[in-house]
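A.B. asks: The following block contains a protein sequence and its predicted model.
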Amino acid sequence: MNTPLKQIVAVAIVDDLTSPTRMLAARRNRPEALAGLWEFPGGKVEPGESDTSAVHRELREELGVELSLGAEITGPLAQGWQLNDKAAMRVWFAVITQGEPQPLDGHDQLAWLDLDDSLGEAVEWIPADAPIVRACLNLSRIGHLAGHP
Ligand SMILES: Nc1nc2c([nH]c(=O)n2[C@H]2C[C@H](O)[C@@H](COP(=O)(O)OP(=O)(O)OP(=O)(O)O)O2)c(=O)[nH]1
């Protein structure tokens, strides 16, 4: 029997949902296999928690910020983007409504990256994130970032 994919949720934090120019990436500090690679901050949905509650909780814990969510960066699955044989990730655009992002837990560095052709190469992304990074850039160009999850 197939094991269901674990649900991960994350955000592409941008400076502005209407006219985005930059996106916040976070460098993981664990586990060893992923340490040093960059990602969309987020994490696992806990049992009984909704996907959007989980993303707000994770960002409070990891970066110390409150968010307003914009449009979802929809992937090929209802569960979003398949990351590996165990997990899939839903990702939303978001803006910070409160707090200054800090690498409090799970990361050792944060960086605001330009939303242009350099995005995919600006940092070393987790390889599974490559199609999501491309989708972010494409959607930011056509301006589909606002809207409710
Ligand atoms: N948050 C996040 N996880 C990603 C991305 N790309 C990717 O393959 N992953 C993988 C790495 C992990 O195996 C899994 C997410 O788990 P996690 O370790 O961040 O979740 P968590 O914060 O709830 O975990 P924990 O350390 O508190 O146990 O998804 C990404 O862009 N963002």
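C.D. replies: On my side now, so go ahead. What you see is a predicted model, and the numbers here were worked out from it, not measured in a lab. Residues are numbered from 1 along each chain as shown.
A.B. asks: where does the residue of the chain found nearest the ligand land on pLDDT?
C.D. replies: Of all residues in the chain, the one sitting closest to the ligand is Gly43 (2.7 Å; Cβ to the nearest ligand atom). The C-beta positions use only the backbone N, C-alpha and C, and glycine is treated the same way. We have a pLDDT of 98 for Gly43.
A.B. asks: With adjacent residues omitted, what lies nearest to it?
C.D. replies: Glu58 (4.2 Å; Cβ to Cβ, 6 or more residues apart in numbering).
A.B. asks: Just to check, Asn84 is in contact with Ile126?
C.D. replies: No: contact criterion Cβ atoms under 8 Å: Asn84 and Ile126 do not qualify, at 9.9 Å.
A.B. asks: okay, those two: which has more neighbours?
C.D. replies: The neighbour count for Asn84 versus Ile126, taken as other Cβ atoms under 10 Å, is higher for Ile126 (17 against 11).
A.B. asks: Mind jotting down where the strands sit in the chain?
C.D. replies: For the chain, the strands defined by DSSP state E cover 6-14, 22-28, 38-39, 42-44, 66-72, 81-82, 87-98, 107-114.
A.B. asks: Quick check: Leu113 vs Ala12, distance?
C.D. replies: 10 Å (Cβ to Cβ, to the nearest Å).
A.B. asks: Contact partners for Ile126?
C.D. replies: Counting by Cβ atoms under 8 Å, 6 or more residues apart in numbering, Ile126 makes contact with Arg28, Leu34, Leu37, Trp38, Glu39, Leu83.
A.B. asks: tally of neighbours for the fourth one?
C.D. replies: Read that as Trp38. With other Cβ under 10 Å as criterion, Trp38 counts 21.
A.B. asks: got it, and the last one?
C.D. replies: Burial of Leu83, expressed as a neighbour count using other Cβ under 10 Å, amounts to 19.
A.B. asks: so what's the residue lying closest to it once chain neighbours are set aside up against?
C.D. replies: Nearest residue to Leu83, sequence neighbours excluded (Cβ to Cβ, 6+ apart): Ala128, at 4.4 Å. By Cβ under 8 Å, 6+ apart, the contact set of Ala128 is Trp81, Gln82, Leu83, Asn84.
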